[in-house]
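K.L.:
just coords:
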């Protein structure tokens with residue numbers, strides 16, 4: 001029988017509990033509903049894979065406006081963990097009805113801002129009715145471009161965070177809270 005390490009012991013501090021995350025998601029959903037009522041039309045939540053899946057799943061359940069969902073896999077990261085600034089699309093949005101859609105890009109965290117600063121004009125250039133962005137977490141201390149999301153749950157310090165969809169090396173996504181990963185885990 002295989003035994004697995006208790007990943008909770010790799011977290012040095014819990015930043016946001018399940019209850020605090022739920023309140024953030026509820027607040028964001030209410031703001032989206034308010035704005036979408038003014039816009040009218042069809043709302044599409046566009047999940048940026050993989051880290052945003054948990055957040056989008058909870059967000060779409062709390063939005064009262066009828067909502068559609070879709071997925072893209074994009075990054076502005078190269079082989080290292082440092083942002084290259086180039087938008088790399090590995091799974092694109094394949095729809096013919098973009099002109100009818102008010103898109104909200106759903107991200108788990110905004111770091112450099114490079115991905116969203118390139119993805120928003122990309123989608124507008126493909127004919128979307130409007131494009132807004134939403135992130136549960138914002139790390140403005142890491143910003144490399146002038147970009148602010150339309151909807152943000154909370155700003156966080158410059159720490160490596162995991163849980164609630166956020167990972168390190170594809171692990172920790174299933175933790176129900178958001179915590180700071182111990183440095184010795186990722187500075188090996």
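P.N.:
Right, received. Where do you want to start? What you are looking at is a predicted structure, and each value in this text was computed from that prediction instead of being measured. Numbering: from 1, shown residues only.

K.L.:
After the longest helix seen in the chain, heading C-terminal, what element do we hit next?
P.N.:
Identified as the longest helix of the chain according to DSSP state H is helix 18-39. Next along the chain after helix 18-39, taking DSSP states H and E as the criterion, comes strand 42-48.

K.L.:
Check which helices and strands that next one sits against.
P.N.:
Packing partners of strand 42-48 (3 or more C-beta pairs under 8 Å, 6 or more residues apart in numbering; DSSP states H and E): helix 53-62, strand 67-77, strand 101-110, helix 114-125. Heads up, the C-betas are built off the backbone N, CA and C, glycines and all.

K.L.:
Can you flag the weakest of those by average pLDDT?
P.N.:
Note on the helices and strands packed on strand 42-48: lowest mean pLDDT is at strand 67-77, with a mean of 87.

K.L.:
got the angle for that one vs helix 53-62?
P.N.:
160 degrees (axes from the mean of the first three to the mean of the last three C-alpha atoms, to 10 degrees).

K.L.:
Could you check the angle strand 67-77 makes with helix 18-39?
P.N.:
Going by the same axes, to 10 degrees, strand 67-77 makes 110 degrees with helix 18-39.

K.L.:
And the contacts of strand 67-77?
P.N.:
Contacting residues not belonging to strand 67-77 are listed as 42-50, 56, 60, 83-93, 95, 101, 112, 114-115, 118-119 [C-beta atoms under 8 Å, 6 or more residues apart in numbering].

K.L.:
what distance separates that strand from the centre of its chain?
P.N.:
9 Å (C-alpha atoms, centre = their mean, to the nearest Å).

K.L.:
Return the distance of the nearest residue to residue 16 once chain neighbours are set aside relative to residue 28.
P.N.:
Leaving out its chain neighbours, the residue that sits closest to residue 16 by C-beta to C-beta, 6 or more residues apart in numbering is residue 178, at 4.4 Å. Remark: distance between residue 178 and residue 28 (C-beta to C-beta, to the nearest Å) = 15 Å.

K.L.:
Look at these two and report which has more neighbours.
P.N.:
Set side by side, residue 178 and residue 28 show more neighbours around residue 178, with 28 against 24, by other C-beta atoms under 10 Å.

K.L.:
Which pLDDT value goes with the more buried one?
P.N.:
Looking at residue 178, its pLDDT is 98.

K.L.:
what does the one 10 residues further on give?
P.N.:
At residue 188 the predicted local confidence, pLDDT, stands at 73.
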